Structures are given as C-alpha cells and as structure tokens.
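Novice: make a model of this:
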Amino acid sequence: MGGALPGTRFVHVVGTNGKGSVAAYLEQGFLAAGVRTGAFTSPHLVDPRERVRVDGVPVSPEALVRFVARARKLDLDDSPAFFEWMLAFALERFAAEGVAWAALEAGVGGASDATAFAAERVALTVLTNVGEDHLASFGSLEALAQDKAEAVRPGLPVVTAARGRALAILREVARNRGAPLFVYDPGNPLFALPVPPALGGAFQRVNAALAAAALRLLGFEEAAVRAALTRARLPGRFDRRVFRGRPVLLDGAHNPPAARALAAELPGRYRLVFGAQPHKAVDAMLELLAARANGVVLTWPLPAARGGHGYEPDPLAALARAAEAARAGEPVVVTGSLYLVGRLLGSGLLE
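Specialist: Just a heads-up that it's a prediction; the model follows:
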C-alpha cells in the first residue's frame, strides 16, 4: 500500500492454541501501562473490524472503507488473502494512530505466516504451544513446529509452553539465534499469577502466565501485569451465555488439543452442538466431546450428518433443538469452530 512499517513494537504471538487469549492479556497490560496500544487478532466473530483494535477499540468503519477503496485501485498480479489485507490495514492504522506497543497474532505457522512481514519491529515472541492442526499444509507435527520456531528473532526473548519434540526444535532454533528462551514453569516467579486470570478454564492459567512473563521481560510494571490478568476479555472462548433460559457455553475449540482442554472443563453431562470445518480432525474432536454428551446435534460448517448424530444445517436452529432437549440446568456446549460461535453471537439472541 506504499507505507513503511509503523514505529510500533510488537509482541509476536504464534502457536497452535491460546494465541487469542495471550493477545487479549497483552493488550490489557499495554493499556494499563498507559501506552498507545494496538492488537491484531483473528478470526473475527461478528465484525471484521474486531481484528484491528487501537486502545482496545475496533477501528472505525470509515477507516476500513477508505482502505478498501484504495485497495481496489491497486493492480496486483496475485490478489492477497483476506488475512493479508487485514494485516496491511492493521499496520497502516497502527502507524497513523501512533501505536507504541501491539500484540500481533499469527494466523498459521510462523516463518510462513504473513505477520512475519513485521519481524524487524518484533521485541519478543510468544510461542504458546504446538499441536495437531494444519498438518495437511505442513506434512508433520515436526515441520509445523519448525515453521513456528522460525518466528524466533535473533537475540530477542522467546516465551513458550511448548513441550516434547516441539520444545526441542524451539530450543535448537533459539540457541542458534542467540535468543533467550523462557519455558513455562509455574514455580518460576517469571510466570507467577498474582491474581486469578479473568478468562475461564484451567487451561487459561498457562496462557495468562505466558503473557505475564512477556510483560515482565519487556519491563512493564507489576501493576500492568495484574491489570492484564483481571481485565482481559475474549468472547467465544469458554464464554458462558444464556439462550431461552438455558445455560450455554460457547468455545471455539477447533482442533484435538483444544477439544481435549475443553473436555476436561465440562460438567458431567451436557448437550453438544458441534460444527467444524470439514478439513479439520472432526472425528477425533467428536470422539473427545461427545463421550459424555446426553445428545449431539451437528451443524454448519459441517456439510452433513456423520457418526450417527443428528444434523441441523442452521446453527441457530441446532442450538434451539439442543436447548429444547436439555434437562433443567443441563448446559448446551457449542464448539468446533469460531466461525460457528460467531454466527450465533451475531444473531443477537444469546444473553
């Protein structure tokens, strides 16, 4: 678009799961420190402007309309993907708004991700974890781990909760690049949580600890760390709502590691509404999540029924069907895709 990189310092957040949560904590930490704050995250739930925030607020519709108008005039041989357009928009807005610090969430991978374009402005990298997702694109878990590890910047700190072979790969890359590596350890004061994390789910303790460590390593005061942990909000992740008087839990778990973490948090019995993109590990996730469900309704973005479960193509109708069948106090769990969660939140019918 003809512009230079903004003067913004970025925390680059890569990994399989937990990126949005870490970005949400970082965003609140920056705001509490009183600096001009930005965040680039994905996907959006209802409005594309959710992806680009300045001082905690989505950018204005007018700014996005002006950007799109300019973009349409460009003569490009290869049209960028939607994610790349939104990244360009974010970088432009951060420059225009004088953003000092921003959380920059990668999409897929690390070195191969479009966010690597801003590498020279990265101050610290958070690699949350590496798990089974996007393996069709990378071929193996090791290849995926290698690509994510390539996000490490020479001489700059890296914070991670990766384990096993992924951690070994990350250690090697960090050592070769002289990048200090800090591995999650709940007994290490660097990862201490002075207050309970605002986001629900036991798995959020790790995400919160990674963000807290990042803020401390960057020199932010403990007051900013506490504010980050207590003020973070992230719709669609372990998100408790009510629909027609029934308790509903929305969660965007869309791969087996996230499904395992969610399953560990669920009550003894529940109704399940599940919809995932067909290329995901649908059967593996369903096996984890349907085991204790009193009933399962499949829905969009799955195109059809499978595994003997009922199917309702319209997500709102699927939710209504599950809610009507639920016993008193029995929650309805909606999961499998953030796009599914966004479709339901966009209906305006969940309290």
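Novice: where's Phe182, which helix or strand?
Specialist: Element membership of Phe182, judged by DSSP states H and E, is strand 181-183.
Novice: low-scoring stretches of the stretch 251-351 of the chain, by residue?
Specialist: Within the stretch 251-351 of the chain, not a single segment meets pLDDT under 70.
Novice: would you map the strands across the stretch 101-250 of the chain?
Specialist: 101-105, 122-127, 158-160, 181-183, 239-243, 246-251 (DSSP state E, counting those that start in this stretch).
Novice: ok, Val22 to Leu210 distance?
Specialist: 5 Å (Cβ to Cβ, to the nearest Å). For the C-beta atoms, the positions are set from N, CA and C on the backbone; glycine is no exception.
Novice: next one: Gly34
Specialist: 23 Å.
Novice: neighbour-wise, which of these two wins?
Specialist: Leu210 (27 against 9; other Cβ atoms under 10 Å).
Novice: I'd say the more buried one and Leu193 touch.
Specialist: No. Under the criterion of Cβ atoms under 8 Å, Leu210 makes no contact with Leu193, lying 10.8 Å away.
Novice: make sure Leu272 is indeed in a helix.
Specialist: No. The assignment for Leu272, made by DSSP: H, G, I helix; E, B strand; the rest coil, is strand rather than a helix.
Novice: all helices of the stretch 1-150 of the chain, in order?
Specialist: Using DSSP state H, counting those that start in this stretch, the helices of the stretch 1-150 of the chain run over 19-32, 61-71, 82-97, 135-138, 141-149.
Novice: what average pLDDT does the shortest one get?
Specialist: By that I understand helix 135-138. Model confidence over helix 135-138 averages 60 on the pLDDT scale.
Novice: what do Val22 and Leu210 both touch?
Specialist: Shared contacts of Val22 and Leu210, defined by Cβ atoms under 8 Å, 6 or more residues apart in numbering, are found at 126, 128.
Novice: mean pLDDT for the helices of the stretch 1-150 of the chain: which is lowest?
Specialist: When the helices of the stretch 1-150 of the chain are compared by mean pLDDT, helix 135-138 comes last with a mean of 60.
Novice: of all the helices of the stretch 1-150 of the chain, which lies closest to Arg226?
Specialist: helix 19-32 (8.0 Å; Cβ to Cβ).
Novice: now the angle from that closest one to strand 101-105?
Specialist: Put simply, helix 19-32 runs at 180 degrees to strand 101-105, going by axes from the mean of the first three to the mean of the last three Cα atoms, to 10 degrees.
Novice: elements contacting helix 19-32?
Specialist: For helix 19-32, the elements it packs on are strand 9-14, strand 37-40, strand 101-105, helix 204-217, helix 222-231, judged by 3 or more Cβ pairs under 8 Å, 6 or more residues apart in numbering; DSSP states H and E.
Novice: mind putting the ones you listed into CSV with mean pLDDT and distance to Gly252?
Specialist: Listed next are those as CSV, based on pLDDT from 0 to 100; distance: least, Cβ to Cβ, whole Å:
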stretch, mean pLDDT, distance to Gly252
strand 9-14, 97, 16
strand 37-40, 98, 17
strand 101-105, 98, 13
helix 204-217, 97, 13
helix 222-231, 98, 21
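Novice: to Pro301, which of these lies closest?
Specialist: strand 101-105 (21.5 Å).
Novice: convert the C-alpha atoms of that closest one to CSV, please.
Specialist: C-alpha atoms of strand 101-105 as CSV (Å, rounded to 0.1, in the frame of the first residue of the first chain):
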residue,chain,number,x,y,z
TRP,A,101,3.0,-1.5,21.6
ALA,A,102,0.8,-4.1,20.0
ALA,A,103,0.0,-7.8,20.2
LEU,A,104,0.5,-9.3,16.7
GLU,A,105,-1.3,-12.7,16.4
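Novice: and it, what does it pack onto?
Specialist: Strand 101-105 sits against strand 9-14, helix 19-32, strand 37-40, with contacts defined as 3+ Cβ pairs under 8 Å, 6+ apart.
Novice: ok, now how distant is the closest residue in space to Arg246 that isn't next to it in sequence from Val68?
Specialist: Spatial nearest neighbour of Arg246, chain neighbours left out: Ala323 (4.3 Å); criterion: Cβ to Cβ, 6 or more residues apart in numbering. Ala323 sits 38 Å away from Val68, going by Cβ to Cβ.
Novice: pretty sure Ala290 contacts Val297?
Specialist: No. With contact defined as Cβ under 8 Å, Ala290 does not count as touching Val297 (10.7 Å).
Novice: more neighbours, these two?
Specialist: Using other Cβ under 10 Å, the more surrounded residue of Ala290 and Val297 is Val297, with 26 against 16.
Novice: for that one, give me its contacts.
Specialist: 271-274, 309-312, 318, 321-322.
Novice: surely it is in a strand?
Specialist: Yes. If the criterion is three-state DSSP, then Val297 is within a strand.
Novice: partner residues bridging it?
Specialist: Val273, Gly310 (DSSP bridges).
Novice: thought Val14 was touching Gly110, still the case?
Specialist: Yes. Using Cβ under 8 Å, Gly110 is in contact with Val14, at 4.6 Å.
Novice: could you chop this structure up by domain?
Specialist: 9-231, 239-346 (automatic domain parsing).
Novice: straight-line length of the last one, end to end?
Specialist: Translated: domain 239-346. Length of domain 239-346, first residue to last, Cα to Cα, to the nearest Å: 14 Å.
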